[in-house]
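S.K.: I'll drop the sequence and a predicted model, then ask my questions.
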Amino acid sequence: MASIPTVNDVQLVNPVLTNLLIAYIQGDDRFIAAQMFPNVRVDKDSGTYGIFTKKYWFVDGLEERAAGSSFYRSGYGITSATYTTLQWGLEHLIPDEVKANSQIPMDLTQAGLEWLAQQSNIRKERAFAADFFATGTWGTDNTSATDWDDYASSDPVGDVRTAKRTINQATGKRANYIGMGEIVADSLYNHPDLLDRIKYTETATAASVQGALAAVFGLDRVLVSEAVYNSANTGAAVSMTAIIDDDALVAHVDPAAGLASATAGKTFVWPGGGAEGSVVQYREAQTKSDVLQHSEQWDQKATATDVGYFFSDIV
């Protein structure tokens, strides 16, 4: 009697699921660089912008005048600063043979675009962290405040209000943003002082505490960078690292800053080099491949350093 083929006999390879594909893609909301330093498009890859000299705008300059006498005359000064955008780029190949043999339930072009977008976000966030979440950039570097995870001794609300007052008294601008790493936010969410301030108004869940931070600090936005990247070489074992970790930045940010305004920073983007990011697809005949070419050109610039107050290693 002939044997009946089993399932293993007739199924030569394991089936590929068409409704499941695991991907480690970080959401855009985990990155704060573009949220804290909004984009401004520029016509040239480098240039100059004017700055009204601050001191002349805080002078009590009116003089008493007698009838028929000449008016006292005064005015303001103007200085300037420059921006210089740099171009960043990356290509991703999709060989015909790979495309023809692919069994993953996603178009390879779409997968390549998703991957390039992640590369772009990581580059911007790492540049932002290196340049602006560091001492020596802002009007005040606070390196001595009691760490906010020291719940017995620290006073994060008092520290942030000191930062706001310092910025206001130096510039006449109200700080409205705070950016921080995830480890800082976690410490604040569990801080007894913050929990005590909201316990009579709402249940102290993680979501409610996070939402209450801005109100308690008297700020418009609390931005938490949760972005991570692999800091090891690609040939080595993965080493996941927070891009922004134990620091916090309080600042005045004007998302629409244009004429006669001040803002902690802007990202100057030049469309001629790809702006904040653009992709073109072309055919490479010699490798029988489609190529996704990503380019971007920008300069993240601290445009008013005195409206920033930096807490270094605050947990």
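M.R.: Thanks, I have the structure now.
S.K.: Nearest residue to residue 109 in space, please, no chain neighbours.
M.R.: residue 94 (6.6 Å; CB to CB, 6 or more residues apart in numbering). In this view, the C-beta of every residue, glycine as well, is placed from N, C-alpha and C.
S.K.: Any chance you could list what contacts the helix or strand harbouring that neighbour?
M.R.: Taking DSSP states H and E as the criterion, the element that holds residue 94 is strand 86-95. Contact partners of strand 86-95, identified using CB atoms under 8 Å, 6 or more residues apart in numbering, comprise 108-109, 112, 115-116, 119-120, 123, 273-274, 284, 287-299.
S.K.: Please name the nearest non-neighbouring residue to residue 217.
M.R.: Closest to residue 217 by CB to CB, 6+ apart is residue 160, at 4.7 Å.
S.K.: What's the mean pLDDT across the helix or strand containing that neighbour?
M.R.: Element membership for residue 160 (DSSP H and E) is helix 156-171. Average pLDDT, helix 156-171: 97.
S.K.: Compute the inter-axis angle for whatever helix or strand comes next after that helix and helix 156-171.
M.R.: Going down the chain from helix 156-171, the next helix or strand is strand 177-181, by DSSP H and E. For strand 177-181 against helix 156-171, the angle by axes from the mean of the first three to the mean of the last three CA atoms, to 10 degrees is 130 degrees.
S.K.: Now do strand 177-181: which elements does it pack against?
M.R.: If you count contacts as 3 or more CB pairs under 8 Å, 6 or more residues apart in numbering; DSSP states H and E, strand 177-181 packs onto strand 221-225, strand 248-251.
S.K.: that older thread, neighbours of the residue nearest to residue 109, how many?
M.R.: Residue 94 has 19 neighbours, counted by other CB atoms under 10 Å.
S.K.: same thing with the one 4 residues further on?
M.R.: Residue 98: 12 surrounding residues under other CB under 10 Å.
S.K.: ok but residue 68 is inside a strand, no?
M.R.: No: going by DSSP: H, G, I helix; E, B strand; the rest coil, the assignment for residue 68 is coil, not a strand.
S.K.: Now do the same contact list for it.
M.R.: Contacts of residue 68 (CB under 8 Å, 6+ apart): none.
S.K.: Just the pLDDT at it, thanks.
M.R.: pLDDT recorded at residue 68 is 96.
S.K.: what does residue 256 give?
M.R.: Confidence at residue 256, expressed as pLDDT, is 81.
S.K.: roughly how far apart are the most centrally placed residue in the chain and residue 188?
M.R.: Central residue of the chain (CA atoms, centre = their mean): residue 33, 1.5 Å from the mean position. Distance of residue 33 to residue 188, given as CB to CB, to the nearest Å: 21 Å.
S.K.: I'd like the distance between residue 94 and residue 114.
M.R.: From residue 94 across to residue 114, the span is 13 Å (CB to CB).
S.K.: now residue 67
M.R.: For residue 67 relative to residue 114 (CB to CB), the value is 74 Å.
S.K.: Mind checking which of these two has more residues around it?
M.R.: With neighbours defined as other CB under 10 Å, residue 67 and residue 114 compare such that residue 114 has more, 12 against 4.
S.K.: what packs against the helix or strand that contains the more buried one?
M.R.: Element membership for residue 114 (DSSP H and E) is helix 108-132. Here helix 108-132 touches helix 33-36, strand 86-95, strand 228-230, strand 278-284, strand 289-302, going by 3+ CB pairs under 8 Å, 6+ apart.
S.K.: Quick one: low-confidence residue ranges for the stretch 201-315 of the chain.
M.R.: In the predicted model, the stretch 201-315 of the chain carries pLDDT under 70 at residues 201-209, 257, 259.
S.K.: Can you classify the residue nearest to residue 47 when sequence neighbours are not counted by secondary structure?
M.R.: Counting by CB to CB, 6+ apart, residue 47 lies nearest to residue 83, which is 6.2 Å off, once chain neighbours are set aside. Look at residue 83: counting by three-state DSSP, its state is strand.
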